[in-house]
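>>> Provide a 3D model corresponding to the input given below.
(4 chains)
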Amino acid sequence: MKVISQEQLNLWLADLLKQTVVVAPIEKHGKIQYQEINSISQIVWDFTRPELPPRNWVIPMTEPILFIEQGPTTVLKQPDLPHEKILFGLRPCDSRSFKVLDALFWDKEPADPQYARHRQALTLIGLACPEMWDSCFCTVVGGAPDDTEGLDILLTRIDDGFAVQAITEKGQALVSGLDLLQWSGVPADPSEARGLPKLHESAEWAAVFKDVFWKELSHACLSCRVCSFVCPTCRCYDVRDEVIAICPNGKVYERLRAWDTCTSMGYRRIAGGHNPRETQVKRLKNRFYCKFMYYPEDFGVLGCVGCGRCIDACPAGIDILEVVEKVDLKLAQAQI
Amino acid sequence: MTKNSAPRMPIDPECCPAPGDTENINSPNLKAENFQQNESMNKDKPRIGVYVCMCGSNIAGTVNVPKVVEAVSHMPNVVVARYNKYTCSGPGQQSIQEDIKANKLNRVVVSACSPRMHERTWRAMLTNAGVNPYLLEVANLREHVSWIHSAGEMTTRKAVDLVAAAIERVALHDPLFPQRVPVTKAAMVVGGGIAGIQASLDLAQAGVPVYLVEREPSIGGHMAQLDKTFPTLDCSACILTPKMVDVASHPNITLLSNSEVEKLDGFIGNFQVTVRRKARYVDVDACTACNDCVKVCPVQIPSEFENGMAERTAIYRPFAQAVPNAFAIDKRGEAPCKAACPAGIHVQGFVALIAEGRFKEAYDLIQKDMPFPGICGRVCHHPCETECRRAEKDQPVAIEFLKRYAADWAFTHPEEFVENTAVYNLKGDDLAGKKIAIIGSGPVGLTVARDLAANSAECEIFEALPVAGGMMNVGIPGHRLPKQILEKEINDIVSLPGIKLHLSTPVSLAPEVNASAMTLERLRQDFDAVFVGIGAHLGSRMGIPGEDLEGVYSGIEFLRQVNFSHLNVDLGSQPKVGKRVAVVGGGNVAIDAAMTARRLGAEEVSIIYRRTRDEMPAHDWEIEEAADEGIKFIFLANPLEVIADQGSVSAIKCQRMRLGAPDSSGRRRPEPIEGDTVTLPMDTVIMSIGQKLDAESIEINQGSKGWIAVDPQTFQTSERDVFAAGDAVTGPVSIVEVVGTGHQAAESIRRFLCGQELLAGLKQGKTTKETPGYYEPAAWDRTPRQEISFREAADRNDFDEIYLGFTEDQAVAEAKRCLSCAACSECLACVDACGVGAIDHTAVDTFEQIDVGAIIIASGFDVWDPTPMLEYGYGVYPEVYTGIEIERLSNASGPTEGNIVMRNGEKPERVAILHCVGSRDEHHQPYCSRICCMYSLKLAHLIREKTSAEVVEFYMDIRSFGKGYEEFYERVQHEGVVFVRGRGAQVLPQDDQLVVYAEDTDLGQPVRLPVDMVILATGVVPSKGADELAHKLHVTRDINGFFLEAHPKLRPVDSNTDGIYLAGTCQAPRDIPDTVTHASAAAAQALGLLSQPYVEVVPTIAEVDELNCVGCSLCVEVCPYGAPTLAENRGRLVSKINEALCKGCGLCVAGCRGKAIALRGFTDNQLLSQIETLLQFSMDER
Amino acid sequence: MTFIEDQIRQTARKYLENDEVSCVIGYERDTRGRSRPVFIESVDQVDRLVWGPDCNLNLASYLHERKHSPGKDQPIPKTAVVLRPCDTRAINLLINEQQVARENVRIIGVTCEGSEINGSLRVDCEFCQERVPPLYDDLILTELPVEVPESADPYADINEMDQWTPEERLAFWTSEFDRCIRCYACRQACPGCYCFECVAEKLDPHWVSIALEVPEKMFFHVMRAYHLAGRCVGCGACEAVCPMDIPLGKLNRKVAKEILELFDYRTGDSIETHPPLVCFNPNERLNL
Amino acid sequence: MSESFEPKIVGFLCNWCSYAGADLAGTSRMSYPQNVRIIRVPCSGRVDPLFVVKTLIDGADGVMVLGCHPGDCHYQQGNYIAQRRYSIMHRLLEFSGLETDRLFVDWVSASEGKKFSEVVTSFTEKVRNIGPNPLRKKAESGIDVLEEVSS
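Residues are numbered from 1 along each chain as shown, chains lettered A, B, ... in the order given. Below you'll find the predicted structure:
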């Protein structure tokens, strides 16, 4: 295994920053966020995980995906190509989230063009977690604090530097120019064997769909959008055409895509006012079933990477891990 | 459609082609069915026609109209965009209608003048073309663009933005259908001057029921004041009064005189007007206008009709030909003195009668409410004088002494009172056969007995003492209240038929029945009701050592013993008074006791009080009387012990005190100074520190301080048939207060015995009146308050009275000082004088709701008061008059019977008339008042005719514009009137004359003219209260305060509230012929409305999206019309709008947080698209 | 179990045992020791109820879910709620606005020692003079009397900001709103925000773009502050739930301060008083 | 601030007083700057203060809301309630970083054409002095945005 010293790493990053856009965890407004940097000194090295997920870099909170110029003949224009970017310091769970999103937007044809353009421009450099924090449960959903899934390069902090693992060819190419020392050690395994619950297969979830516990769980839900907006894998969006100019021969619209979520009240309302998910319980349940049943069944990957952000952020204390545990318990009860 | 017929839609001549160019356009005829066939068309994708009007050069001169059209012609949904010279003209409208047909247009944008001008025109045009009239948007390129900006890029750009925004907005319009509401076929005319009279007669003649509301007691207005009218010189009254009589006799006219509009609800065709019928106090139908009431009315105040040059009485008729020909009483609230009197004495009334020397009537009036005029005239604490408004000027009127004067006069003139004076007070026979027992013959018991006996009840009074009168008799010493007065006034009552007095008959209130004594229990068995008025005859004790010693008395007991001896009652012995007497306490009883002790021979009397003089509860004047008599005051001392020497009092030991923090009564609390005591040698000690109920355990409930507990309003005790009042209930208070509670208790007993509701209609505590508009005399005589004569302190060694009372002259002079605050003094003399019983002083304002379809405002004008123009000295120099004053002098029914004379009665030899006083003057009224030139000419003619005086008119321009006016001007010139062109600069006095300074602008020379009389030709201003009326009727006024017409040329009689019209001078100054014309025009407009079967209500009203409404009730709270209400929909409450009530203001729409209410025609989306386009429209093609 | 918790549990037990309510809304602790709302529907669950300074939501907000009949001919459920003094004012507001019927709510009012957001005392609590709920059915007492802080200017922070230049204030709010993710947690946690569909999300009329950019966020927050003018009870739930720690309370406190100064009005004094923007006084002339 | 800055001003005028007052200013030819664009509304009480926020965000540099004088409201109380609403919204916008002078609320009667032209003139001048509105969401015209994205 190769290692890189902190100094060396800084120099390398500074070099990269000259060539391309680098996004890294920095502190802004007292929150750790993945943001574009203009200096290496901005990077934060000791953190749990950023408050907001990195999906903003493939599905921005708001983005025009098309321009429509009305007139005698309507003209459609695509926005500019996104710039090449290096996402540095990704936690393994977050890097794993890109695989989840890829499954929907990129892997299957037709790919989402705007997503694809963003995704193609990204190189992902991970930073393994030194430990599993309080609300982390990546190991429950098949990940690990030092998981390499989705990454081009994974860095793991060791005593006087970082162990460097180049995962993909892109990664290899990136580190190939570096003069790295060989290291014979093995980084400590940060996985914790604390009593985390067992996650059941997606098919088994159907058995508890009508359980009353969902109703009890949903009482406290405020129907806000926090859990989804901090989730690295939630990807629902809303699209609207909005006027940006009124010209003598017609209006110019931008087609805006902005984050949306199944937990908010109007999400599923359809023309005429009917809403099949009018109740809180239906909306909240959908979020969990989406993660653990619908998504795996439709796209072959779990919809949750175990980052635990929603656990920390939910103002009503709704805990996804408790849900997993409850389902386990209910299924066990059902077997008896 | 015929060519060349006159246009029906109003068109502004300033910008429109000659009528010949226009086509007939049908008036709007909006029916839902008219749009049926086009319904689908209206709902289709918008197809918009845009028409930019050049308005001749009005718009095109400034705005690059072709460029505007070009800029918007490619906008989405725009099918046609054109400009034309006059869009409002026939050809202009026709081209749009053709476009609509040819291009299947379903929406139209007209960019022309203000929508307030022609929106209706375009709407009518759309209707005719089969398009819903509300699918129209008007962009205002004239008033808001071309007329205010100069030509240029920015101006054209603004026009483009406005048109583009209108296009975006019209695309979001929905077809709207107005609701139809039936019209109430009745009209109201507000104001009964010549304009209101004319309009009412015109409407009535056409068969419309008319309500004519006039705030004065008579209609007629200013025209009734005039002498002759220009230019024909016919007598104003001669031409006006027949019309007034027509109003009174017309079957279609309901005359509401002395009334004002209070509130307006509803809308065009469907108004609900609330009218305040001000109390007139005289029944209009019963009054025969005989004038008998005026003869007895003692109040004289300046007559408004005579402009203050003559006086009228408080009950009056404005002028002899008044319509309705009935009197009215001028009341300005309740006089403060009467309001302050606990017994409700008609104070201003008896004072006014005394001022006229009508002493018997004065005494009778006092007697109505106060059974003890002579007593009360001596010992009252007179809160009336505290409230007297004369005190604000110098000193209050000596009301108490005037009352005493009336009583003393009655005492000395028994021959005037052949019958018992109290008997006339008989009110009724409600209580015939009822028996009431009254315990106690004090002031309260006697008041109750008198009131009940007046209702034919049988009253038996049980008095424990051998004398009647209670505390009045045994508590007040003779030097304050002579026994013979007491005797008379008590006797006046107890001698009444139905009253029986049992002296020396104590009644036990104790619950145990004692066979030997008369008890409450027994009285309750024998009588229908019992009244307890036992007073507070037990002196409180301090509870200090030595209080039981011989030579120690309680104040109340001491006075009682002394009074007994004067009454020759043998009850105990005359108290012995030593040389040195100490009286402990600071109240009136203490003062009386001290002064009595002195009269009994004490050499040194000291009042010991634990606080200081400032805190003494005794009346100031009594403290002074005592001090004058040499009574000593020892303040800040509190007795600790009465010290005896051989069994009799030798000294009193007192604790020295100091004042600490204020207590709950607001007085500073005395605190002992530790260790500081003083011992004063004394022979007699009189403890006068308070009184208690003289009964230990009683059958009825007692309150916290031991007084009898009663309902504070009904005076009913815990037993339904037992009532109580007076000191026994309230603790010791003044006689006048006791009498007041006695009246109330008697009324409760009457109601109880008649089985009526005790509380109904009772005042809840002291009513706080709205600030009444008291009568303010222009001047008041400076006579000071009369001094009452009294005996010198040195002579006051016996029990004869201290004060000697007013002389007759003094009484009359003092009474004349009254300011007549309430105008009517409520002496009630008119009630007696009125042979037909038409007068009711208790009348109150009433409210009447009247439904009408149209309203005509004819509120008239006021003559401007030129006092602010100090240079003319109006109000300072008596010989400076206003024109209207000379009208009255010249009028045969006026104060001088038609002689134009100076204040000294002589004819003037030279008169100056100054024109434009306050008019055409930027400091006062910028406008020309239009009538002054002509009336000045008329007055000049009349003065020449009646006095042959030389008349000089100082004028700026002579405006003689009407029919026959210029000829009249010529005539007056030939009559020798001198005209000087130039504004009067100043009027100054010189040697019994006035000198007018002016500039003769024709000669370019200053003029100085001595004259005998100056007449100011003052202009007109909106009548007082026009602002209030405008608020109530929701109509706007112009900058000068006149009501604003909807259009200065084309809609001169419409206000900008539909269904409300303007007539006469309320809209602008105008003379009589113009006023009458204007009034008839207003009546014609109103008739036009009233002859329609229905009106259409604007469809731009609020609409609730019930699915989205959360039912928070905000809309219900903010709506001024009560249009939204909460009603159930699918298990929850949501807002629903009553379309007939909604006026479309949008207050709820803007307030609705969830945007669940929309305002049709002004939806959020429409306004948002308009905003967006105004800000973001780009003129550059891509 | 603390002194307060014991009383809350006893009260909840009383209500559930007597069938006076179908549910008690209070707080419990999750497995990580944090407080969260809990809905107790049976007596055996009452021991889950807890109390602490981190109980910083306004549970009255949950009444909106329980104000209508759950189905045909079913009565509106009766609910007991654990509330702080400021929270109880929201009940008066909701009764005034016809949202909640008093007879359907039992207020378990807690004598308040101040609540915390992220471990520090709320600004409002620093100066709060109202430690006992103005409205309650059951009063939960503290073991020792609560010390009422010295009365000082409760709007010192607002007054300070008022002194800033407009540029400084704009910069401050731009930076704060920049990190807003428009998750609407503030709105959802607020007892006064109960529209079926918020203007921020409405399509017809269409007021706000879906873009998550500063002008939209600013519009949303200014709108919310305005809609809560004279209606905000100052419970701080919006700040407590904000995942981005935006000082939203400042906007509401600014409005509350102006409402107090202009109209001498405080939200929720009684059910009769209407919020001042719903009524008017014809004699007043406000400085606009 | 560039000399050539021409503020965009939107005025919401009640139909019964202020709009008529503006008409009177026109009829009386009382000139005032071209910067104001007028929107006619039935009553100042119709103008939800959120329109002001929206107008500013949409690019206006100043907003005026004019209604009938207190007591003169055609709808009895619309302007009284508007007065209360704007007293709060104005202070709130100030607190959010808006310059006080960007919002102007006043009463103009149908007879006050002169006053109307005066208030428009002075308001335009004030806004011109403060400079462009920083809250504005979009560029001066939509075209600028288009150029940016397609270049």
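>>> measure residue B:896 to chain C for me?
In this view, residue B:896 and chain C are 47 Å apart by Cβ to the nearest Cβ, to the nearest Å. Placement of C-beta: from N, CA and C, glycine included.
>>> Against chain A, how distant is the residue lying closest to that residue once chain neighbours are set aside?
For residue B:896, ignoring the flanking residues on the chain, the nearest one in space by Cβ to Cβ, 6 or more residues apart in numbering or on different chains is residue B:889 at 5.2 Å. Residue B:889 is 74 Å from chain A, where distance means Cβ to the nearest Cβ.
>>> Check what pLDDT residue 107 gets.
Unless you meant another one, I'm taking chain A. Residue A:107 is assigned 93 on the pLDDT scale.
>>> actually chain D
96.
>>> List the residues that contact it.
D:17-18, D:66-70, D:72, D:79 (Cβ atoms under 8 Å, 6 or more residues apart in numbering or on different chains).
>>> Buried ones among these?
Among the contacts of residue D:107, those buried by neighbour count (16 or more other Cβ atoms under 10 Å in any protein chain shown) are D:17-18, D:66-68, D:70, D:72, D:79.
>>> Run through these and flag the ones next to chain B.
Near chain B, judged by Cβ under 8 Å from any Cβ of the partner chain, the entries from those are D:17, D:68, D:72.
>>> can you give me the mean pLDDT across stretch B:599-618?
91.
>>> chain center to that stretch: distance?
Remark: stretch B:599-618 is offset 48 Å from the chain centroid, using Cα atoms, centre = their mean, to the nearest Å.
>>> follow-up on the earlier one: need the ones next to chain B among the buried ones among the contacts of residue D:107 in TSV (columns: secondary structure, distance to residue B:354 and pLDDT).
Putting these into TSV (DSSP: H, G, I helix; E, B strand; the rest coil; distance: Cβ to Cβ, whole Å; pLDDT from 0 to 100) gives the following:
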residue	secondary structure	distance to residue B:354	pLDDT
D:17	coil	56	92
D:68	coil	54	92
D:72	coil	50	82
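>>> Check which residues of stretch B:1038-1058 are buried.
For stretch B:1038-1058, the neighbour count (16+ other Cβ under 10 Å) marks B:1038, B:1041-1046, B:1052-1058 as buried.
>>> Residues in contact with that stretch: which ones?
B:10, B:12-13, B:267-268, B:857, B:859, B:925-927, B:1021-1022, B:1026-1027, B:1030, B:1033-1037, B:1060-1063, B:1065-1069, B:1078, B:1081-1082, B:1085, D:16, D:20, D:74, D:110-112.
>>> and the end-to-end length of that stretch?
Using Cα to Cα, to the nearest Å, the gap from the first to the last residue of stretch B:1038-1058 comes to 17 Å.
>>> now it, how far from the chain's geometric center?
Here stretch B:1038-1058 shows a centroid-to-chain-centroid distance of 29 Å under the convention Cα atoms, centre = their mean.
>>> Stretch B:235-255 now?
The chain centroid and the centroid of stretch B:235-255 are separated by 29 Å under Cα atoms, centre = their mean.
>>> Please report the distance of residue B:1103 from chain C.
Taking Cβ to the nearest Cβ, one finds residue B:1103 at 13 Å from chain C.
>>> all helices in chain A, in order from the N-terminus.
A:6-19, A:92-105, A:113-120, A:169-176, A:202-205, A:213-218, A:226-229, A:280-289, A:295-299, A:309-313, A:320-335 (DSSP state H).
>>> any low-confidence regions in chain B?
B:1-43, B:419-427, B:512-515, B:571-573, B:664-665, B:696-697, B:704, B:762-772, B:1181-1182 (pLDDT under 70).
>>> How about chain D?
Along chain D, the model assigns pLDDT under 70 to residues D:1-3, D:137-151.
>>> And the pLDDT at the closest residue to residue C:113 other than its chain neighbours?
Nearest residue to residue C:113, sequence neighbours excluded (Cβ to Cβ, 6+ apart): residue C:146, at 5.4 Å. At residue C:146, the model reports a pLDDT of 85.
>>> Count the residues that sit near residue C:146.
Residue C:146 sits with 15 neighbouring residues when counted by other Cβ atoms under 10 Å in any protein chain shown.
>>> Close to chain A: what parts of chain B are there?
B:71-76, B:164, B:168, B:1107, B:1172-1173, B:1176-1182.
>>> Of these, which belong to helices?
Using DSSP H, B:71-72, B:164, B:168, B:1172-1173, B:1176 are the members of those that sit in helices.
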